[in-house]
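**Q** have a look at this prediction, sequence included:
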Amino acid sequence: MNLSNDLPAAAGGGLARLRISVVTETWPPEVNGVAMTIHRMVEGLSAHHDVTLIRLRQGGVDRGVGIDGVDTLVLRGMPLPRYHELRMGLPCTGLLKRRWRRERPDVVHIVTEGPLGWSAVRAAGALNIPVVSDFHTNFHQYTAHYGLGPLMPVALRYLRTLHNRTRLTLVPTRSLVIELERQGFRRLEVLARGIDTDQFHPRHRRADLREAWGAGADDRVMLMVSRVAPEKNLPLALRAYEHAREQVPGARMVVVGDGPARRDLAAAHPEVHFAGMQTGAALAEHYASADIFLFPSLSETFGNVTLEAMASGLAVLAFDYAAAREHIVDGRNGRTVACSDSEGFVRTSTELAADRAQAARLAAAARETTLELDWSRICRRHEQILQRLCQEPAGG
């Protein structure tokens, strides 16, 4: 059955307001790229469509951020094993089927692949409701970083099965589409990420914050913003900093974020300032008050922090994949090195710290690049994809 037959056409041949259910196991104030991205997307959709958000309760007293006009269903969850700061949903296929029989959505958008996401796939499938999914996180790659390497094929098969049961999977980069297609994922389409260039802006630079880091006006400050966890490859950033400060007196290193590796890394590197989790204006100030952004992670599907650093006017060094491959041209608006070249990462970090003119030129060009990545454009593209999906017949 083509569900769009029941939807009146709007002027210009488009669809009228859609009824959209968004299902996610992460949501602000949780601090991660997925929560930030889907919050922006739901805000954008709610301006023109009727959106229901189905998410998890966050802690004993739910602190989830609300959006005017968005109906929200809050469900119970449980801590994610070995990732206790995050939560995953519980199976609830029957509950979702009952709800969607009463209030049938035109399309279901599944953000995360936990038990809640799987329940939504099953419930929507049973009711013949179109489903679109997001591929945000390489969870199958995380298994190697937590001593669960033998489970990687199982995790990959789980993700592939879930996504291939949806009408379409949205992926943030072209390179990730190619990788997932090689692994048997079907019906993939790129939906890029945006950046708030007003929130992340060089004007938020603060001299007093730099002083708190022990950095003078002319000292080079290297920054990493990330979950402090094994899969983020933080030891490489710390090694790059150590090499740089041997050549550039006064260089400093700041790490923003929290996670299971923070205590041990902070104890092993007392010369590094571990600033903990930062959000909102404080996060923007930490970005803008640094000079060079080091991002050594090799486990990203995108890496929103790359765009945040570029918008903040930093010279960015990253491996040549994910957001860096999409938006950085090496030597023009940032620096990239091959994913296998850890030594090149270390050398290039020292080069950026020593060559102020190069770093300043790259930082200015990075800022200019992000001005073309406005969230409103991304949200319009998202809306068009969902409308097209509703118009397609099942299996189309």
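**A** That came through fine.

**Q** what comes up buried for the helix or strand that contains Gly344?
**A** Here Gly344, judged by DSSP states H and E, is contained in helix 342-354. Buried residues in helix 342-354, counted by 16 or more other CB atoms under 10 Å: 342, 345-346, 348-350, 352-353. (Glycine included, C-beta is placed from N, CA and C.)

**Q** adding pLDDT and distance to Asp196, write the residues you listed out as TSV.
**A** Below are the buried residues of helix 342-354 laid out as TSV (pLDDT from 0 to 100; distance: CB to CB, whole Å):
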residue	pLDDT	distance to Asp196
Ser342	97	32
Phe345	98	28
Val346	98	32
Thr348	98	28
Ser349	98	27
Thr350	98	31
Leu352	98	25
Ala353	97	28
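
**Q** stretch 338-347: end-to-end distance?
**A** Start-to-end span of stretch 338-347 (CA to CA, to the nearest Å) is 13 Å.

**Q** show me the contact partners of that stretch.
**A** Outside stretch 338-347, the residues that touch it by CB atoms under 8 Å, 6 or more residues apart in numbering are 236, 239-240, 243, 296, 298, 317, 319-321, 337.

**Q** distance between that stretch and the chain's centre?
**A** Going by CA atoms, centre = their mean, to the nearest Å, the spacing between the C-alpha centre of stretch 338-347 and its chain's C-alpha centre is 23 Å.

**Q** just stretch 127-139 next, same as before
**A** Using CA atoms, centre = their mean, the offset of stretch 127-139 from its chain centre is 16 Å.

**Q** only alpha carbons, please: show that stretch as PDB.
**A** Coordinates of each C-alpha in stretch 127-139 appear next as PDB, following Å, rounded to 0.1, in the frame of the first residue of the first chain:
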ATOM      1  CA  LEU A 127       1.900  -1.800  10.300                       C
ATOM      2  CA  ASN A 128       3.400  -1.100   6.800                       C
ATOM      3  CA  ILE A 129       4.700   2.300   7.900                       C
ATOM      4  CA  PRO A 130       7.800   3.500   6.000                       C
ATOM      5  CA  VAL A 131      11.000   3.600   8.000                       C
ATOM      6  CA  VAL A 132      14.200   5.600   7.500                       C
ATOM      7  CA  SER A 133      17.200   5.000   9.700                       C
ATOM      8  CA  ASP A 134      20.400   6.800  10.600                       C
ATOM      9  CA  PHE A 135      23.900   5.300  10.700                       C
ATOM     10  CA  HIS A 136      25.700   7.500  13.200                       C
ATOM     11  CA  THR A 137      28.100   5.400  15.200                       C
ATOM     12  CA  ASN A 138      30.600   2.600  14.300                       C
ATOM     13  CA  PHE A 139      29.600   0.500  17.300                       C
END
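
**Q** for it, give the mean pLDDT please.
**A** Per-residue pLDDT over stretch 127-139 has a mean of 85.

**Q** cool, stretch 322-333 as well?
**A** 96.

**Q** buried stuff in that stretch?
**A** 322-328, 333.

**Q** which SSE is immediately downstream of the helix or strand bottoming out on mean pLDDT in the chain?
**A** Sorting the helices and strands of the chain by mean pLDDT, DSSP states H and E puts helix 139-142 at the bottom, at a mean of 43. Using DSSP H and E, the helix or strand that follows helix 139-142 in sequence is helix 152-164.

**Q** for the following helix or strand past that next one, packing partners?
**A** Next in sequence after helix 152-164, counting helices and strands by DSSP H and E, comes strand 168-171. When contacts are defined as 3 or more CB pairs under 8 Å, 6 or more residues apart in numbering; DSSP states H and E, strand 168-171 packs onto strand 131-134, helix 174-182, strand 188-190, helix 375-391.

**Q** if we use 10 Å, what do you get?
**A** If you count contacts as 3 or more CB pairs under 10 Å, 6 or more residues apart in numbering; DSSP states H and E, strand 168-171 packs onto strand 107-110, strand 131-134, helix 152-164, helix 174-182, strand 188-190, helix 375-391.

**Q** select, out of these, the one closest to Thr72.
**A** Among the helices and strands packed on strand 168-171, strand 107-110 comes nearest to Thr72, with 14.5 Å by CB to CB.

**Q** pairing partners for that closest one, with directions?
**A** strand 19-23 (parallel), strand 131-134 (parallel) (DSSP bridges).

**Q** alpha carbons only: can I get it in CSV?
**A** This file holds the C-alpha atoms of strand 107-110, laid out as CSV (Å, rounded to 0.1, in the frame of the first residue of the first chain):
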residue,chain,number,x,y,z
VAL,A,107,7.0,7.9,8.4
VAL,A,108,9.2,6.6,11.3
HIS,A,109,12.7,7.9,11.6
ILE,A,110,15.0,5.6,13.7
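
**Q** C-terminal to that strand, what's the next element?
**A** Sequence-wise, the next helix or strand downstream of strand 107-110 (DSSP H and E) is helix 115-126.

**Q** buried stuff in that next one?
**A** Neighbour-count burial for helix 115-126, counted by 16+ other CB under 10 Å, picks out 115-125.

**Q** next secondary structure after the strand or helix carrying Val254?
**A** Per DSSP H and E: Val254 is located in strand 252-256. The first helix or strand that comes after strand 252-256 along the chain, using DSSP H and E, is helix 262-268.

**Q** and that next one, what does it pack onto?
**A** helix 234-247, strand 252-256, strand 273-276.

**Q** how big is the angle separating the very next helix or strand once past the helix holding Gly344 from helix 342-354?
**A** Per DSSP H and E, the first helix or strand lying C-terminal to helix 342-354 is helix 356-370. Here the directions of helix 356-370 and helix 342-354 differ by 100 degrees (axes from the mean of the first three to the mean of the last three CA atoms, to 10 degrees).

**Q** with just CA atoms, put helix 356-370 into PDB.
**A** This file holds the C-alpha atoms of helix 356-370, laid out as PDB (Å, rounded to 0.1, in the frame of the first residue of the first chain):
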ATOM      1  CA  ARG A 356      52.200  30.500  13.000                       C
ATOM      2  CA  ALA A 357      51.600  31.900   9.600                       C
ATOM      3  CA  GLN A 358      50.500  28.500   8.200                       C
ATOM      4  CA  ALA A 359      48.200  27.900  11.200                       C
ATOM      5  CA  ALA A 360      46.600  31.300  10.900                       C
ATOM      6  CA  ARG A 361      46.000  30.900   7.200                       C
ATOM      7  CA  LEU A 362      44.400  27.500   7.600                       C
ATOM      8  CA  ALA A 363      42.300  28.700  10.500                       C
ATOM      9  CA  ALA A 364      40.900  31.600   8.500                       C
ATOM     10  CA  ALA A 365      40.100  29.300   5.500                       C
ATOM     11  CA  ALA A 366      38.500  26.800   7.800                       C
ATOM     12  CA  ARG A 367      36.100  29.400   9.200                       C
ATOM     13  CA  GLU A 368      35.100  30.400   5.700                       C
ATOM     14  CA  THR A 369      34.500  26.700   4.700                       C
ATOM     15  CA  THR A 370      31.900  26.300   7.500                       C
END
